[in-house]
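1. Just the structure for this:
(2 chains, ligands or ions: 2)
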Amino acid sequence: MEPNQIRRAWAICKKDIRIYYSAHPVIVHGILFPFFLFFAFFIRRNLSMEFILPGLVGMTLFFTSTAIVSIIPSWETRSKTLERLVSSPVLISTIVIGDILAAFLFGVVVSLVPISIGILGGISIHHPLIAALGILISALCFSCLGALLSASPTDIPANVMTISTLIKFPLIFVSGVFIPLKDLPLWGKILASFSPLTYFVDLLRFSIKVDYYYSVGFDFLALFIFALIFYILAVRLHVRAMPNRI
Amino acid sequence: MSEDIVIQASDLTKFYGKVAAVDHIKFEVKKGEIFGFLGPNGAGKTTTIRMLTGITKPSFGNVRIMEFDIEKQTLKAKQIMGIVPEVSNPYIDLSAWSNMMFQGELYGLPNDKSKEIAAELLENFELYERRKDLVKFFSKGMKQRLILCMALLSQPQILFLDEPTSGLDVQSATIIREKLRQINKEGVTIFLTTHNMEEANLLCDRIAIINKGKIAAVDTPEKLKLMTERLQKVVVAFSQPINPESLNSLPNVDKIEKLGDKIQLHTTAPGKVIFDIVDYAREKHLDMVSLNVVVPTLEDVFIKLTEDKEKSGHGA
Ligand SMILES: Nc1ncnc2c1ncn2[C@@H]1O[C@H](COP(=O)(O)OP(=O)(O)O)[C@@H](O)[C@H]1O
Ligand SMILES: [Mg+2]
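-> Residues are numbered from 1 along each chain as shown, chains lettered A, B, ... in the order given. Ligands and ions are numbered 1, 2, ... in the order given. Just a heads-up that it's a prediction; the model follows:
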């Protein structure tokens, strides 16, 4: 991509940050939802902080990154700002990248909250660099998934939220968030391998040396491949959806 | 393509399913012109403007913007255009100023230049004092002026506007028209669409009349006005039947038709004909039930143009 398109993607990202970070579907689905869901599952069980933390960080990042990017296109369609954006000299992939970037930053920043909770709770992170890189690539991967989920040409943000929740829930339940991968039966492991969240939680478990399963390299590779597939599909579907949006 | 042609559409066509929303149209816009696309709702104006600006892909045909082919060099062509879509809002959660700065970034303007031009434009459009306010507090007219400022920020050579005054109050519409004339004087070529004949006459150097995806005529407002005048009618009904031929002696009447109990008088001077009819009624001691002037609609003009075209086609 040309350098001037990258600068324009950055401009789109800044616009997204200013407008959509405070949008209430983002707050509800991206921040409150994962925390409530998580505590609903874990609060009364006698589980160690070491077990809980990777799942909490994983779900937070997963929800926040996907939430913001999935409302933007429908929101712009509804508020009639999209046609002007598309009229300007930017590619549709530039718009998608700008939205992904905004979601990426949002996810990374919000995931610092549960991490800080964990560190204050006395968890020691043995491989901070791997945890940090894992957060970055996973935030990217989940943002690309959000971009893909937002490609239906509707102008109702709530519809996109519903569709994406329907797809996100199974991805959470099959991943190793609630049960460590090593304790899953074979069919469970196979199912888990289809969820990008699996690899992120595995990376986090590796970095605190608890219950990890795959090798670090494999986790990174899987997240990278998922990100690439999500991105390519997202751009294709957005290009196809655009005539129906304007 | 000759130097002074800035928009060239050849055989431009768009199908939605089996329906041709735009049907093999062909026209050229010259540098420095205000070119109007006049047509009723559903005529294909928006579809055309979207194809010209690279937003919609034509089913068939081709568009050149200056030296660029819109489909192959879309970004380069877009870079020299300013676009005001038919339905479009600024970002209401941002200030007018932030909207302008974002626009500048989308067109790759250097920051300083963006600020300088934005200040000048907002000043000129009487929005500068309100530049820090969120757009959600703006009136419709102010929003439309802001959108125009945004479209002008990159100093485009060609400005496209899709029904720029529709839905605005009279005062806002007048301001927008004045500004468009001013922008045009400064050298910007303007392509606009409208369903308002009056507006097309007021603004445009040349007008294309479009209906059902086809162009009926491209001409100057003066010529189209002459033709419109020929389509004016005075319609009168008397309380007792009269022989329409007895009105033949009236001056300024081109043709008389009887429609039920009404008599239609075709004329280019309805004001004069009304006086003559009143005099006639007084003289013959007739009561008038109704007396109306019927101004042609766009549809009438279009039908007449199409008829003329077919006649000249048969003659040839
Ligand atoms: N996206 C679309 N899908 C199907 N039909 C469309 C679409 N856009 C426009 N049309 C049809 O094409 C014709 C021309 O529409 P349009 O260009 O919007 O007209 P105008 O702008 O002159 O009112 C109309 O009959 C309209 O219903
Ligand atoms: Mg239209």
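2. CA only for contacts and neighbour counts going forward, please
-> Noted.
3. residue boundaries of the helices in the chain?
-> No chain in the question, so chain A it is. Under the criterion DSSP state H, helices of chain A are mapped to A:3-20, A:24-26, A:33-42, A:49-78, A:82-87, A:92-120, A:128-149, A:157-174, A:186-192, A:196-207, A:216-245.
4. meant chain B actually
-> Under DSSP H, chain B gives helices at B:45-52, B:74-79, B:96-106, B:111-124, B:140-152, B:170-185, B:197-203, B:221-230, B:270-284, B:298-315.
5. May I have the first one as PDB, with CA atoms only?
-> What follows is helix B:45-52 as a C-alpha-only set of coordinates in PDB (Å, rounded to 0.1, in the frame of the first residue of the first chain):
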ATOM      1  CA  LYS B  45     -29.100  11.800 -11.600                       C
ATOM      2  CA  THR B  46     -27.600  10.300  -8.400                       C
ATOM      3  CA  THR B  47     -26.600   7.200 -10.200                       C
ATOM      4  CA  THR B  48     -24.900   9.300 -12.900                       C
ATOM      5  CA  ILE B  49     -23.000  11.500 -10.400                       C
ATOM      6  CA  ARG B  50     -21.800   8.400  -8.500                       C
ATOM      7  CA  MET B  51     -20.400   6.900 -11.700                       C
ATOM      8  CA  LEU B  52     -18.700  10.200 -12.600                       C
END
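6. follow-up on the earlier one: out of the helices of chain A, which is closest to B:Thr297?
-> When those are compared by CA to CA, helix A:82-87 sits nearest B:Thr297, at 30.9 Å.
7. That closest one packs against which elements?
-> Judged by 3 or more CA pairs under 8 Å, 6 or more residues apart in numbering or on different chains; DSSP states H and E, helix A:82-87 is in contact with helix A:49-78, strand B:81-84.
8. Same list, the ones you listed, but as TSV with mean pLDDT please.
-> Formatted as TSV, the helices and strands packed on helix A:82-87 follow (pLDDT from 0 to 100):
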stretch	mean pLDDT
helix A:49-78	88
strand B:81-84	96
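9. tell me which parts of chain A are close to chain B?
-> Neighbours of chain B within chain A, by CA under 8 Å from any CA of the partner chain: A:4, A:7-8, A:11-12, A:15, A:18-19, A:79-84, A:86-91, A:243.
10. OK, now which residue of chain A is nearest to ligand 1?
-> Nearest residue of chain A to ligand 1, counting by CA to the nearest ligand atom: A:Asn244, 6.2 Å away.
11. What pLDDT does the model give the residue lying farthest from the centre of chain B?
-> Within chain B, B:His285 marks the point farthest from the mean C-alpha position, 46.0 Å out by CA atoms, centre = their mean. If you check B:His285, the pLDDT there is 90.
12. what does the one 4 residues further on give?
-> Here, the pLDDT recorded for B:Val289 equals 92.
13. For A:Pro170, see how far away the residue nearest the centre of chain A is.
-> Residue closest to the average C-alpha location in chain A (CA atoms, centre = their mean): A:Phe142, at 2.8 Å. Separation of A:Phe142 from A:Pro170 (CA to CA, to the nearest Å): 15 Å.
14. what does B:Phe35 give?
-> Distance, B:Phe35 to A:Pro170, using CA to CA: 56 Å.
15. neighbour count winner among the two?
-> With neighbours defined as other CA atoms under 10 Å in any protein chain shown, B:Phe35 and A:Pro170 compare such that B:Phe35 has more, 26 against 13.
16. isn't the more buried one right up against B:Ile207?
-> Yes: if you go by CA atoms under 8 Å, B:Phe35 and B:Ile207 touch, sitting 5.9 Å apart.
17. quick one: B:Gln103 and B:Leu148 touch, right?
-> No: applying CA under 8 Å, one finds B:Gln103 not in contact with B:Leu148, separated by 11.5 Å.
18. These two: which has the busier surroundings?
-> Under the criterion of other CA under 10 Å, the comparison of B:Gln103 against B:Leu148 puts B:Gln103 first, with 26 against 23.
19. Nearest residue to the more buried one in space, please, no chain neighbours.
-> Spatial nearest neighbour of B:Gln103, chain neighbours left out: B:Met150 (6.3 Å); criterion: CA to CA, 6 or more residues apart in numbering or on different chains.
20. and the one you found, how many neighbours?
-> Using other CA under 10 Å, B:Met150 has 27 neighbouring residues.
21. How about the contacts made by the closest residue to A:Ile17 other than its chain neighbours?
-> Excluding the flanking residues, the one nearest A:Ile17 by CA to CA, 6+ apart is A:Ala102, at 6.0 Å. Counting by CA atoms under 8 Å, 6 or more residues apart in numbering or on different chains, A:Ala102 makes contact with A:13-14, A:16-17, A:68-69.
22. how far away is A:Ala102 from chain B?
-> Distance, A:Ala102 to chain B, using CA to the nearest CA, to the nearest Å: 15 Å.
23. And the one residue in the stretch 101-250 of chain B that gets nearest to chain A, how far from B:Lys132?
-> Nearest to chain A, among the residues of the stretch 101-250 of chain B, is B:Leu106, at 5.3 Å (CA to the nearest CA). Per CA to CA, B:Leu106 is found 20 Å from B:Lys132.
24. who's more crowded, the two?
-> B:Leu106 (23 against 13).
25. Pretty sure the more buried one sits against A:Ile6.
-> No: using CA under 8 Å, B:Leu106 is not in contact with A:Ile6, being 10.4 Å away.
26. Thanks a lot, see you next time.
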